[in-house]
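K.L.:
All I have is the shape, not the residue letters:
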């Protein structure tokens with residue numbers, strides 16, 4: 001069970017990093033709105049099915065099951081509000097409900113599916129210019145409103161829904177309390193607008209899983225994180241190119257209070273110590289100036305995750321590479337209507353340390369079509385549909401995966 005909890009924590013960390021790194025790069029390139037209140041509410045449904053080739057998912061009781069399909073309904077909400085002329089405050093959270101269906105009943109619990117539903121954590125952040133326009137201060141807090149103490153079925157659902165290969169909208173509900181303090185310094189040099197950033201994230205412990213009545217829940221203390229980044233922005237003719245490089249360094253994590261067995265008489269075993277290896281990310285964008293498009297962007301993000309350590313020793317097969325690339329654009333159909341088109345390609349090597357969906361490799365492509373409709377009084381309506389096709393490999397098992405998604409977002413700027 002120790003390795004199952006560690007791998008789940010690792011998958012959750014990778015998903016969380018995938019969400020926060022692009023935000024830092026956008027802040028560096030000056031992409032924030034100033035002097036406007038922005039709110040956004042979305043309804044999103046996503047689903048993956050694996051055809052006749054179900055993927056393995058070991059459970060907490062020592063048996064094994066295979067995943068036939070996974071789906072999630074989510075309701076993300078975000079608000080961004082200016083405070084005076086120099087500060088901006090934003091908040092984001094979501095409700096999510098996920099279902100994982102099995103090809104046969106779980107041999108231990110008899111369940112034919114796992115579910116996980118609830119609110120996510122609420123992320124609060126304040127960003128301000130403190131020395132002219134060249135130095136930005138960011139302070140963020142992760143408010144632990146999301147569910148963290150899970151039973152065995154919910155934990156099994158989490159191991160699938162949080163898998164980076166599936167890339168669900170809200171993969172994790174709760175990650176405990178944390179606080180981040182960061183600085184970004186910007187200046188111009190050699191025809192580029194440069195930004196240099198650094199931040200420190202302090203994490204508090206929480207209980208990630210509750211196994212059986214009568215046993216105390218394990219206590220997970222994630223390591224603190226240091227994030228360093230540099231980004232550049234310049235025009236090439238009428239086109240704009242952005243590049244960014246970042247690195248994340250992690251402290252030691254501890255998982256204590258684990259039970260050696262699943263029965264009521266299970267005894268606690270000693271704490272497990274792990275340390276994630278550094279994660280290095282390269283981000284590139286080329287925003288093309290095309291009169292027929294209000295937005296046309298080529299992009300690529302490559303993230304390399306180095307091996308992690310367990311009890312001070314490097315774990316073989318725990319490094320991996322994650323590449324996302326594509327093009328997205330909004331074609332101007334009328335002065336108030338745009339047609340959204342996006343093509344995305346992903347190649348993730350996964351991690352060989354665990355032969356389950358939580359660390360699986362994936363090669364996939366996705367096509368997204370939608371409408372961007374400007375409405376009166378500052379509203380914007382953005383419905384979309386997405387189709388995905390790919391191959392997921394987990395250990396010696398591979399499966400053709402098909403995914404569908406759809407949703408609508410309502411934005412307001414005033």
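P.N.:
Cool, the structure landed. The shown structure was predicted, so the numbers you read here are calculated from the model rather than taken from an experiment.
K.L.:
Now stretch 87-100: buried residues?
P.N.:
88, 90-96, 98-100 (16 or more other C-beta atoms under 10 Å). Using the backbone N, CA and C atoms, a C-beta is placed for each residue, glycine as well.
K.L.:
Show the average pLDDT along that stretch.
P.N.:
Mean pLDDT, computed over stretch 87-100, is 95.
K.L.:
which strand is the longest one in the chain?
P.N.:
In the chain, taking DSSP state E as the definition, the longest strand is strand 64-83.
K.L.:
and that one, what other elements does it pack with?
P.N.:
The contact analysis (3 or more C-beta pairs under 8 Å, 6 or more residues apart in numbering; DSSP states H and E) places strand 64-83 against strand 38-49, strand 55-58, strand 87-102, helix 152-161.
K.L.:
Of the ones you listed, which is nearest residue 409?
P.N.:
strand 38-49 (4.0 Å; C-beta to C-beta).
K.L.:
can you pull out the helices in the protein?
P.N.:
2-28, 152-161 (DSSP state H).
K.L.:
any idea which of the ones you listed scores lowest on pLDDT?
P.N.:
It's helix 2-28: among the helices of the chain, that one has the lowest mean pLDDT, namely a mean of 38.
K.L.:
Give me the distance between stretch 193-205 and the centre of its chain.
P.N.:
17 Å (C-alpha atoms, centre = their mean, to the nearest Å).
K.L.:
Which positions within it qualify as buried?
P.N.:
Neighbour-count burial for stretch 193-205 [16+ other C-beta under 10 Å]: 193-195, 197, 199, 201, 203.
K.L.:
which of the residues in the longest strand of the chain are buried?
P.N.:
Quick answer for strand 64-83 (16+ other C-beta under 10 Å): 65-76, 78, 80, 82.
K.L.:
Need the helices and strands packed on strand 64-83 in JSON lines (columns: distance to residue 397).
P.N.:
Shown next, in JSON lines, are those (distance: least, C-beta to C-beta, whole Å):
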{"stretch": "strand 38-49", "distance to residue 397": "15"}
{"stretch": "strand 55-58", "distance to residue 397": "6"}
{"stretch": "strand 87-102", "distance to residue 397": "15"}
{"stretch": "helix 152-161", "distance to residue 397": "14"}
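K.L.:
now for these, which one comes closest to residue 361?
P.N.:
strand 55-58 (11.4 Å).
K.L.:
mean confidence for that closest one?
P.N.:
Here the average pLDDT along strand 55-58 is 66.
K.L.:
now swap in stretch 219-230 and tell me
P.N.:
Stretch 219-230 comes out at a mean pLDDT of 92.
K.L.:
The residue lying closest to residue 234 once chain neighbours are set aside: how many residues sit nearby?
P.N.:
Residue nearest to residue 234 in three dimensions, not counting chain neighbours: residue 192, with 4.6 Å by C-beta to C-beta, 6 or more residues apart in numbering. Number of residues near residue 192 (other C-beta atoms under 10 Å) recorded here: 15.
K.L.:
what pairs with residue 192 across the strands?
P.N.:
Here residue 192 sits in beta bridges with residue 189, going by DSSP bridges.
K.L.:
what angle do the longest strand of the chain and strand 87-102 make?
P.N.:
With axes from the mean of the first three to the mean of the last three C-alpha atoms, to 10 degrees as the basis, strand 64-83 and strand 87-102 are set at 160 degrees to each other.
K.L.:
And the strands in the stretch 201-350 of the chain?
P.N.:
219-221, 225-236, 239-250, 252-256, 258-259, 268-269, 272-275, 279-287, 293-305, 309-310, 313-314, 320-334, 337-348 (DSSP state E, counting those that start in this stretch).
K.L.:
so residue 114 sits right up against residue 100, yeah?
P.N.:
Yes: the pair residue 114 / residue 100 is scored as a contact, 4.4 Å apart, by C-beta atoms under 8 Å.
K.L.:
Where does the prediction get shaky in the protein?
P.N.:
Along the chain, segments meeting pLDDT under 70 span 1-37, 53-54, 57-64, 209-217, 257-270.
K.L.:
With respect to residue 119, which of the helices and strands packed on strand 64-83 lies nearest?
P.N.:
Nearest of those to residue 119, taken as C-beta to C-beta: strand 87-102 at 5.5 Å.
K.L.:
name the helices or strands packed onto the closest one?
P.N.:
Using 3+ C-beta pairs under 8 Å, 6+ apart, strand 87-102 is in contact with strand 64-83, strand 113-119, strand 122-131, helix 152-161.
K.L.:
want to throw these into CSV with distance to residue 357?
P.N.:
What follows is the helices and strands packed on strand 87-102, written out as CSV (distance: least, C-beta to C-beta, whole Å):
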stretch, distance to residue 357
strand 64-83, 6
strand 113-119, 12
strand 122-131, 26
helix 152-161, 5
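K.L.:
Please consider this matter closed, and thank you.
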